[in-house]
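Chemist: sequence and predicted structure below; questions after.
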Amino acid sequence: MYVDAEILIVAAGRGTRAGSGPPKQYRNLHGAPVLQHTVRACLAHSGISAVRVVIHSDDYDLYNNAIAPISDCRLKEPILGGNSRSASVRNGLAACEGSHVLIHDGARPLLRRDDIDALLRKIETHQGVLLAVPVVDAVWRSNGTQADVSLLRDDLWRAQTPQGFRLDDICAAHAATDTAMADDVETARAFGIDVEIVQGSDTNLKITRPEDFALAAKLMEQDMDVRTGNGFDVHKFGPGDHVTLNGVDIPFDRGLVGHSDADVAMHTLTDAIFGALAEGDIGQWFPPSKPEWKGVASDIFLRKAIERVIARGFSITHLDCTIICEIPKIGPHTQAMRERLSNITGVAVDRISVKATTTEQLGFAGRGEGIAALGTATLVNA
């Protein structure tokens with residue numbers, strides 16, 4: 001068990017050093033806005049009870065577009081920032097409800113789940129924790145553009161985020177100061193809070209300059225874990241007046257037989273996701289021998305698979321479903337299926353494929369005895 005910790009993402013800045021264009025947290029990085037990567041990284045740890053994002057009042061549309069593919073009840077409504085970083089943090093802290101809070105920069109999208117884990121474990125016994133990396137290069141103080149004085153680096157660390165505290169302590173620290181501080185650790189130390197350093201990773205880059213986008217993208221490619229899973233399922237026809245496929249009811253003179261609602265298409269996609277995670281199949285998670293699963297809607301199974309994707313630190317980049325039958329006609333319903341799957345999974349509609357084929361009247365499907373389906377899911381470590 002971990003402490004009851006939330007993550008507060010500060011993303012209200014303008015990011016002028018990153019060059020022209022929208023604020024850096026909303027610019028594209030490896031196929032998605034920077035902030036989407038950051039939020040996913042924070043949600044990747046199952047020990048985080050809530051994620052809250054502080055945004056600028058001008059950025060509601062940018063924010064909503066950035067987080068649209070994310071479906072996780074732990075992501076709360078955005079909080080309006082202030083006229084300084086400290087003011088934005090104070091606004092965010094006022095909304096937090098956990099016993100502890102980790103404060104993170106919106107422009108650090110490469111946060112590792114292991115680093116969150118280390119912070120959560122350390123904060124159980126310390127007032128504050130700071131993710132940082134030791135300074136290994138020679139350090140010079142300049143005089144204009146000239147190297148002037150060499151500094152000892154033995155006890156120097158480069159501060160990163162998240163920085164974690166007991167919620168009551170950091171709220172009191174921010175309330176007690178009205179001067180600009182370098183970060184929340186400086187605010188905490190000025191209030192007398194002890195802060196323990198936790199060594200982080202050099203890859204936890206804060207995007208600041210235009211060239212940082214290319215570096216972040218390269219780091220993401222090096223650390224990428226791509227998984228593909230497949231699913232296959234068959235259900236025979238039985239009594240009924242409709243079949244349910246990918247959550248869409250299609251009128252028909254028969255139904256499909258199964259322990260749940262017999263949604264053969266959604267079952268294949270659920271099994272594909274479990275397969276990509278190497279976590280078994282629907283039958284292991286929801287045994288047909290258990291009466292509580294009798295007749296339930298199959299989106300329960302799919303939502304569980306999505307929950308496991310998030311807990312393992314992955315995101316779904318593509319879903320593909322092929323429905324195999326002679327009857328009923330599937331084509332008129334594929335768009336509704338894609339939209340239904342998008343609503344359940346949080347995956348964009350243009351990353352979900354649903355198609356149908358026949359077996360040219362061969363086999364059980366060709367004889368109109370039932371429906372089969374194939375599913376493929378592609379996951380990427382977030």
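Modeler: Okay, I see it.

Chemist: and for the nearest residue to Arg74 once chain neighbours are set aside, the neighbour number?
Modeler: In space, not counting the residues next to it along the chain, Arg74 is nearest to Ala50; the distance is 5.2 Å by Cβ to Cβ, 6 or more residues apart in numbering. All C-beta spots, glycine's among them, are computed from the backbone N, C-alpha and C. Other residues within reach of Ala50, judged by other Cβ atoms under 10 Å, total 21.

Chemist: ok, what's across the strand from Ala50?
Modeler: Under DSSP bridges, the beta-bridge partners of Ala50 are Glu6.

Chemist: give the contact list for it.
Modeler: When the contact criterion is Cβ atoms under 8 Å, 6 or more residues apart in numbering, the partners of Ala50 are 6-7, 74-76, 96-98.

Chemist: then Arg367?
Modeler: Residues in contact with Arg367 (Cβ under 8 Å, 6+ apart) are 326, 361.

Chemist: by neighbour count, which of the contacts of Ala50 wins?
Modeler: Neighbour counts for the contacts of Ala50 were taken using other Cβ under 10 Å; the highest belongs to Ile7, which has 29 neighbours.

Chemist: thought that residue was touching Pro162?
Modeler: Yes - applying Cβ atoms under 8 Å, one finds Ile7 in contact with Pro162, separated by 6.4 Å.

Chemist: between those two, what contacts are shared?
Modeler: Residues within reach of Ile7 and of Pro162 at once, by Cβ under 8 Å, 6+ apart, are 102-104, 116.

Chemist: tell me which two of those residues sit farthest apart.
Modeler: For the shared contacts of Ile7 and Pro162, the maximum inter-member distance is 12.6 Å, found between Ile103 and Ile116 (Cβ to Cβ).

Chemist: okay, and the common contacts of the two?
Modeler: Among the neighbours of Ile103, those also in contact with Ile116 (Cβ under 8 Å, 6+ apart) are 7, 162.

Chemist: still on that earlier bit, so of the shared contacts of Ile7 and Pro162, which ones are in strands?
Modeler: Restricting the shared contacts of Ile7 and Pro162 to those inside strands, with DSSP state E as the criterion, leaves 102-104.

Chemist: please pick the buried ones from those residues.
Modeler: If you count burial by 16 or more other Cβ atoms under 10 Å, the buried members of those come out as 102-104.

Chemist: on that earlier part again, distance to Val347 and secondary structure added to the contacts of Ala50, as CSV?
Modeler: As requested, the contacts of Ala50 are arranged in CSV below (distance: Cβ to Cβ, whole Å; DSSP: H, G, I helix; E, B strand; the rest coil):
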residue, distance to Val347, secondary structure
Glu6, 25, strand
Ile7, 23, strand
Arg74, 18, coil
Leu75, 15, strand
Lys76, 21, coil
Cys96, 29, coil
Glu97, 29, coil
Gly98, 29, coil
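
Chemist: which one of those is nearest Ala180?
Modeler: Comparing every one of the contacts of Ala50 with Ala180 (Cβ to Cβ), the shortest separation belongs to Cys96, at 21.9 Å.

Chemist: residue contacts, that closest one?
Modeler: Contacts here follow Cβ under 8 Å, 6+ apart; on that basis Cys96 touches 6, 8, 50, 52, 167.

Chemist: dump the ones in strands among the shared contacts of Ile7 and Pro162 to a markdown table, plus distance to Arg338 and pLDDT.
Modeler: As requested, these are exported to a markdown table (distance: Cβ to Cβ, whole Å; pLDDT from 0 to 100):
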| residue | distance to Arg338 | pLDDT |
| --- | --- | --- |
| Leu102 | 36 | 98 |
| Ile103 | 38 | 98 |
| His104 | 33 | 98 |
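
Chemist: how many neighbours does the residue lying closest to Val257 once chain neighbours are set aside have?
Modeler: Closest residue in space to Val257, ignoring its immediate chain neighbours: Gly238 at 3.9 Å, by Cβ to Cβ, 6+ apart. Burial of Gly238 is recorded as 12 neighbouring residues (other Cβ under 10 Å).

Chemist: next: Ala377.
Modeler: By the other Cβ under 10 Å criterion, the neighbourhood of Ala377 contains 30 residues.
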